[in-house]
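**Student:** for reference, the sequence and a predicted model appear below.
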Amino acid sequence: MTMNAPATETAPEIDIDPLRRWIGRTETRSEHLTPALVDRFNATFARGGPMDEGAEAPLMIHLCLTQPAVPAEELGPDGHPARGGFLPPVPLPRRMWAGGALTFHRPLRIGSLVTRLSTIRDVVLKQGRTGPLCFVTVEHEISDEGGPAVTERQDIVYRGIDTGAPKTAPETAAPGVHSKEIATDPVLLFRYSALTFNGHRIHYDQPYVTGKEGYPGLIVHGPLQATLLAQYAADLRGAAPTEFRFRSLSPLFDTADVILNARDTPEGLALWTARPGGPVAMEATARW
């Protein structure tokens, strides 16, 4: 997900030392994995599965659990929470979920109490084409009464406003040996925002995202793309992967359907998302 600011803002000078004091900070949240959540998750992704308590929960549903519930008065005009709190207050106007890595130890169980222990592992400042880039690495340990279920590394990058410098046109993504087309319409994006309690208006507010942010359409969530690719990998192999890694490369919008692509590798599967005729949006690898 991205956090954008008006194009008139400029990136301030960043003192990395105070931000690095957030390294080691932890946060713990818990939530019951209810049959009702599983029902809504399956409906959103057009999937089926058991609903009984004690049954295996769907792959990637942990991203819909233990999300912060921020009061409306603490949100910015874009619907995103204001800076500060658990994450360091990086003074750069745009934030995106740049990628991550997941290890699946075992499935979560429907009806269980799921706990997420989050730890900030690193805060690093680098220089990019648009100016300074601040990378924050967060580790999540997701468990229930049966013990650890998922270990997740989340990579967050903060950056400044694009200066409008000339860019090289990205190459069109090659089709995969396996491919599947998914309709990324506003209903899907709204439903996923609701599942994850994500109020960021770029995912569901068409007048806002085109008029205020200047994008051509609603932006497809990074976690949504990662979920679709992980599900596709599991469908192709008939089992959930034990390791899944992904990286966001370019945005996807609701102006065109998304194509899930995959090809076999000696280690497992290479996967990627793209719009028809567009560049790779997210790339991923899955191993068993």
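**Tutor:** Looks like it arrived, so ask away. Nothing here was measured: the structure is a model prediction, and the numbers come from that model.
**Student:** can you list the low-confidence ranges for the stretch 151-288 of the chain?
**Tutor:** In the predicted model, the stretch 151-288 of the chain carries pLDDT under 70 at residues 161-170.
**Student:** secondary structure class for residue 54?
**Tutor:** Put simply, residue 54 is coil when judged by DSSP: H, G, I helix; E, B strand; the rest coil.
**Student:** need the contact list for it.
**Tutor:** Contacts for residue 54 (C-beta atoms under 8 Å, 6 or more residues apart in numbering) come out as 109, 110, 111. Just so you know, the C-beta spots here come from the backbone N, C-alpha and C atoms, and that holds for glycine as well.
**Student:** my guess is the last one contacts residue 36, does it?
**Tutor:** If I follow you right, that is residue 111. No - the criterion here is C-beta atoms under 8 Å, and residue 111 misses it with residue 36 at 10.9 Å.
**Student:** settle it for me: which of those two has more neighbours?
**Tutor:** Comparing residue 111 with residue 36 by neighbour count (other C-beta atoms under 10 Å), the higher total belongs to residue 111, at 17 against 10.
**Student:** does that one belong to a helix, a strand or coil?
**Tutor:** Following three-state DSSP, the label given to residue 111 is coil.
**Student:** not counting its neighbours along the chain, what's nearest it?
**Tutor:** By the measure of C-beta to C-beta, 6 or more residues apart in numbering, the closest residue to residue 111 outside its immediate chain neighbours is residue 53, 3.3 Å from it.
**Student:** so what's the residue count around residue 171?
**Tutor:** Residue 171: 9 surrounding residues under other C-beta under 10 Å.
**Student:** from residue 269, how far off is it?
**Tutor:** 21 Å (C-beta to C-beta, to the nearest Å).
**Student:** and what of residue 94?
**Tutor:** As judged by C-beta to C-beta, residue 94 and residue 269 stand 31 Å apart.
**Student:** okay, the two: which has more neighbours?
**Tutor:** residue 269 (24 against 17).
**Student:** give the helix, strand or coil label for the residue nearest to the more buried one when sequence neighbours are not counted.
**Tutor:** Nearest non-adjacent residue to residue 269, counting by C-beta to C-beta, 6+ apart: residue 286, 4.6 Å away. Of the three states, residue 286 takes strand under three-state DSSP.
**Student:** look at residue 286 and say how many residues are nearby.
**Tutor:** Other residues lying near residue 286 total 26 when counted by other C-beta under 10 Å.
**Student:** check contacts around it.
**Tutor:** Counting by C-beta under 8 Å, 6+ apart, residue 286 touches 229, 230, 233, 237, 241, 243, 244, 268, 269, 271.
**Student:** tell me the contacts of the fifth one?
**Tutor:** So the one you mean is residue 241. Contacts of residue 241 by C-beta under 8 Å, 6+ apart are 104, 230, 233, 234, 268, 269, 286, 287, 288.
**Student:** quick revisit: just the buried ones among the contacts of residue 286, please.
**Tutor:** Burial by neighbour count, judged by 16 or more other C-beta atoms under 10 Å, picks out 229, 230, 233, 241, 244, 268, 269, 271 from the contacts of residue 286.
**Student:** alright, calling it a day.
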